[in-house]
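Visitor: Sequence and predicted structure are below.
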Amino acid sequence: MKKPNIALTIAGTDPTGGAGIMADLKSFQASGVYGMAVATSIVSQNTLGVQDVYHLPVEVIESQLKSVFDDEAPHAIKTGMIASEDMMNVIKPFIEQSGKPYVIDPVMVAKSGDSLMDDKGKRKLQEILLPKATVVTPNIPEAEDITGFKIQTEEEIKKAGDFFLNEIGSKGVVIKGGHLEGDAIDYLFTNNGMRTWTSERFSTKHTHGTGCTFSAVITAELAKGHAIEEAVEVAKRFITLAIKHTPEIGKGRGPVNHFAYQKIEGLDYE
Ligand SMILES: Nc1ncnc2c1ncn2[C@@H]1O[C@H](COP(=O)(O)OP(=O)(O)OP(=O)(O)O)[C@@H](O)[C@H]1O
Ligand SMILES: Cc1ncc(COP(=O)(O)O)c(N)n1
């Protein structure tokens, strides 16, 4: 059997499996990539919200990263919930030394409204990690937080794309339209210009972990050696099917279907 491509996620947990490293690992697997995971924070959460958060000591995050990189280096890396500046500083050298594609899902607030990053972390993200990114995947509120201006129109989305590329220094940014009205439009900005992907907006409350899943699939496709544009194209198809076929798990805002893409597209990985 051919050795698989490997993707690593560095993020928080969700014991109910809809978001965080659990969603990332499922998305990696469904994309035909071998998944690895380093936990940053243990989050007691479910489809109803966040009940408790325990941030792991930075030494523990560092030792997990050492365990991974001393053994088998991943082909692409993503970070999700990174709650503090100290965590960012511990993670940054591993990203730099790897020289691999790096996807940042700048997780700040859960869909339930609970905060997953402290205020200093929000300010420091653009100094420490965002300039290292191959692709950043903010939703509109996250893009507003990072750029410091309101984003309501396509002109403002373009202005935000320009800010990520030219002020911060990220290589690419996908500004996700999940939080806007109308069709679900995602905007990718790279040195090649702007590209958009549009899907119908499903009228469902089951969107827990959509951002985690979307960015994990981009990471998996980059781990396979695909270009940013191809990776976002696959991720959009994956997340659209995952939302369309939600498994209706839990009493609240349920997770998406991480198996739908593989099943419906009839993919058969070696
Ligand atoms: N109701 C919906 N119907 C179709 N696509 C959607 C819907 N909601 C979100 N999406 C798509 O899901 C992906 C994730 O977008 P979203 O804006 O929900 O991310 P997010 O808010 O960062 O998610 P999370 O809070 O889980 O991190 C994008 O491709 C977006 O267009
Ligand atoms: C560990 C972790 N990472 C990310 C999210 C965001 O997902 P959502 O906004 O859908 O709750 C989350 N809830 N938990």
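Guide: Great, that's in hand. Remember, it's a predicted structure, so these values are computed and weren't measured experimentally. Ligands and ions are numbered 1, 2, ... in the order given.

Visitor: Relative to ligand 1, how far out is the residue nearest to D118 when sequence neighbours are not counted?
Guide: Residue nearest to D118 in three dimensions, not counting chain neighbours: S84, with 5.5 Å by CB to CB, 6 or more residues apart in numbering. C-beta here means a position set from N, CA and C on the backbone, and glycine is covered the same way. Distance from S84 to ligand 1, counting by CB to the nearest ligand atom, to the nearest Å: 18 Å.

Visitor: what's the burial count for S84?
Guide: Look at S84: counted by other CB atoms under 10 Å, it has 17 neighbours.

Visitor: One more: E230?
Guide: Around E230 there are 14 other residues, counting by other CB under 10 Å.

Visitor: so it is in which element?
Guide: For E230, the host element (DSSP states H and E) is helix 228-244.

Visitor: same thing with L65?
Guide: Counting by DSSP H and E, L65 is found in helix 58-69.

Visitor: quick one: average pLDDT of the helix or strand just after that helix?
Guide: Using DSSP H and E, the helix or strand that directly follows helix 58-69 along the chain is strand 76-79. Taken as a whole, strand 76-79 has an average pLDDT of 98.

Visitor: Tell me the helices and strands packed up against the next helix or strand after strand 76-79.
Guide: Next in sequence after strand 76-79, counting helices and strands by DSSP H and E, comes helix 85-98. Judged by 3 or more CB pairs under 8 Å, 6 or more residues apart in numbering; DSSP states H and E, helix 85-98 is in contact with helix 58-69, strand 76-79, helix 119-128.

Visitor: most tightly surrounded among those?
Guide: Of the helices and strands packed on helix 85-98, the one with the most neighbours on average (mean count of other CB atoms under 10 Å) is strand 76-79, at a mean of 29.

Visitor: and the one helix or strand A23 maps to, is it in reach of ligand 2?
Guide: Taking DSSP H and E as the definition, one finds A23 inside helix 20-30. Yes. Among the residues of helix 20-30, G20 lie within reach of ligand 2 under CB under 6 Å from any ligand atom.

Visitor: Neighbouring strands of the next helix or strand after that helix in the sheet, and parallel or not?
Guide: Once the chain leaves helix 20-30, the next helix or strand it forms, by DSSP H and E, is strand 34-39. Here strand 34-39 has these sheet partners by DSSP bridges: strand 6-11 (parallel).

Visitor: Phi and psi next, for the residue nearest to D118.
Guide: phi -140, psi 160 (degrees, to the nearest 10).

Visitor: got a list of what it touches?
Guide: Counting by CB atoms under 8 Å, 6 or more residues apart in numbering, S84 touches 55, 117-118, 120-121.
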